[in-house]
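Undergrad: Quick one, structure for this:
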Amino acid sequence: MIPEEIRNKRILLASLNWGYGHLSRCISIVSILLQNKNVVFFAGREADFIILRQYFSEEITYIKNEPYPFIFRGNRFRTRDLLNAAIPLLKCYKRELKSVPLLVEEFNINLVLSDHRYGFRSDKCPSIFITHQCTLPLKKIAWPIQKLHQSFIQKFSEVWIIDDQEKRFAGKLSESLGVKSTYIGIQSRFYDAINTPKEINKEIECILLISGPIEFSLALITHFEKEFNEMKGPKYIIGSKDIIPILPKHLSDYFKPNNNWKETDKLLLETKLVLSYSGYSTIMDIEFLCCEAKLIPTKGQLEQIYLAEKLTANKKALINDQGFSI
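TA: Sure thing, here's the model as predicted:
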């Protein structure tokens, strides 16, 4: 079963609150589900609702749902920060196991979709886990964590792998877990935009896209600041308004807050170059934006480091002091 095959169902969906990449890639999935006359219920934060309403207005029913209690510090990802949050994360996982069946019963749900939320499932109806990471980019010594991760996934009825089965953008991360796994292709909110007859003019020289957890933003800005300053022609910095206090004063005139994603989407469609972190959702977006990109991995984040190495090995990217270029 793939999104295009689902029709006339009542669907409950939630996405992981690790930055906004998981929410972003769900937009194309929701669009397909709505086109096929499904009724969609989205469980998340008020901030998620504000974004989704820009694309779907009130076509979705919004249900408040507790975010996972991630804690980020400094300018890099630290495993110990995740380990320190282990107990709160476990409590949230257990609460979801109890709350989701209640939501299924209350809203007469036929299908549950979970974008990488381990506890967002129910035994009362089929539950599908959405991910590009069937395998975590961990060293062999961390095999217990790998086994735990995959055991959580196997508790779902099916797995939707967000990747192209042939091109494998996520490489070994998206290796199928077996008969319950189905590749559904790469997903981006820009899919509809680039498949319209209207030609898009690339009139913007560069966009510095501040993605991922806000705590890592300063490192990204610092890395690309010199290159951004040297860019001629129209250029923008797009990110949450929360980065304004850390944004160097001489860059503030170029800043466009992404409180309205639909508006900043137009800018991204018109840019020739994106500077950003190498998150998987960003890489998928760039495929649809048909632009060049210079991306750096978040320090300490093994997934992004792996993706950088994979792109380099495939000669789709070049590692240098500016990160890697697609």
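
Undergrad: Hmm, Tyr254 is touching Tyr236, no?
TA: Yes - counting by Cβ atoms under 8 Å, Tyr254 does reach Tyr236; the two are 5.5 Å apart. In short, each C-beta sits where N, CA and C put it, glycine included.

Undergrad: Overlap of the contact sets of those two?
TA: Common contact partners of Tyr254 and Tyr236 (Cβ atoms under 8 Å, 6 or more residues apart in numbering): Leu208.

Undergrad: Between the two, which has more neighbouring residues?
TA: Comparing Tyr254 with Tyr236 by other Cβ atoms under 10 Å, the one with more neighbours is Tyr236, at 21 against 18.

Undergrad: Please name the bridge partners of that one.
TA: Bridge pairing for Tyr236 (DSSP bridges) gives the partners Ile207.

Undergrad: How about the contacts made by it?
TA: Counting by Cβ under 8 Å, 6+ apart, Tyr236 has contacts Ile204, Cys206, Ile207, Leu208, Tyr254, Phe255, Lys256, Leu267, Thr271.

Undergrad: Quick check, pLDDT for it.
TA: With respect to pLDDT, Tyr236 scores 97.

Undergrad: same thing with the one 4 residues further on?
TA: At Ser240 the predicted local distance difference test score is 89.

Undergrad: my guess is it meets Phe255, correct?
TA: No - assessed by Cβ under 8 Å, Ser240 is found out of contact with Phe255, at 10.4 Å.

Undergrad: What are the phi and psi values at Thr298?
TA: Torsion angles at Thr298 (phi, psi; degrees, to the nearest 10) stand at phi -60, psi 130.

Undergrad: Now do the buried residues in the longest helix seen in the chain.
TA: Longest helix in the chain, counting residues (DSSP state H): helix 86-106. The neighbour-count check on helix 86-106 (16 or more other Cβ atoms under 10 Å) flags Leu89, Cys92, Glu96, Leu97, Ser99, Val100, Pro101, Leu103, Val104 as buried.

Undergrad: Show me what that helix is in contact with.
TA: So helix 86-106 is in contact with 12, 41, 43, 63, 65-66, 68-70, 109, 112, 117-125, going by Cβ under 8 Å, 6+ apart.

Undergrad: Phe42 reaches Tyr62, doesn't it?
TA: Yes - the criterion here is Cβ under 8 Å, and Phe42 meets it with Tyr62 at 5.6 Å.

Undergrad: quick one, which of these two is more surrounded?
TA: More crowded of Phe42 and Tyr62, by other Cβ under 10 Å: Phe42, with 22 against 18.

Undergrad: Look up how far Val104 lies from the more buried one.
TA: For Phe42, the distance to Val104 (Cβ to Cβ, to the nearest Å) stands at 14 Å.

Undergrad: which residues of the stretch 201-326 of the chain fall in strands?
TA: Applying DSSP state E, counting those that start in this stretch to the stretch 201-326 of the chain gives strands spanning 206-209, 235-239, 255-257, 273-277, 292-296, 319-320, 323-325.

Undergrad: Pick the most deeply packed of these.
TA: strand 206-209 (a mean of 26; mean count of other Cβ atoms under 10 Å).

Undergrad: can you tell me the average pLDDT over that strand?
TA: For strand 206-209, mean pLDDT rounds to 96.

Undergrad: Tell me how far that strand lies from the chain's centre.
TA: A distance of 18 Å separates the centroid of the chain from that of strand 206-209, by Cα atoms, centre = their mean, to the nearest Å.

Undergrad: which helices and strands sit right next to that strand?
TA: helix 217-230, strand 235-239, helix 261-269, strand 273-277 (3 or more Cβ pairs under 8 Å, 6 or more residues apart in numbering; DSSP states H and E).

Undergrad: Go again with 10 Å.
TA: Counting contacts by 3 or more Cβ pairs under 10 Å, 6 or more residues apart in numbering; DSSP states H and E, strand 206-209 is packed against helix 217-230, strand 235-239, helix 261-269, strand 273-277, helix 280-289, strand 292-296.
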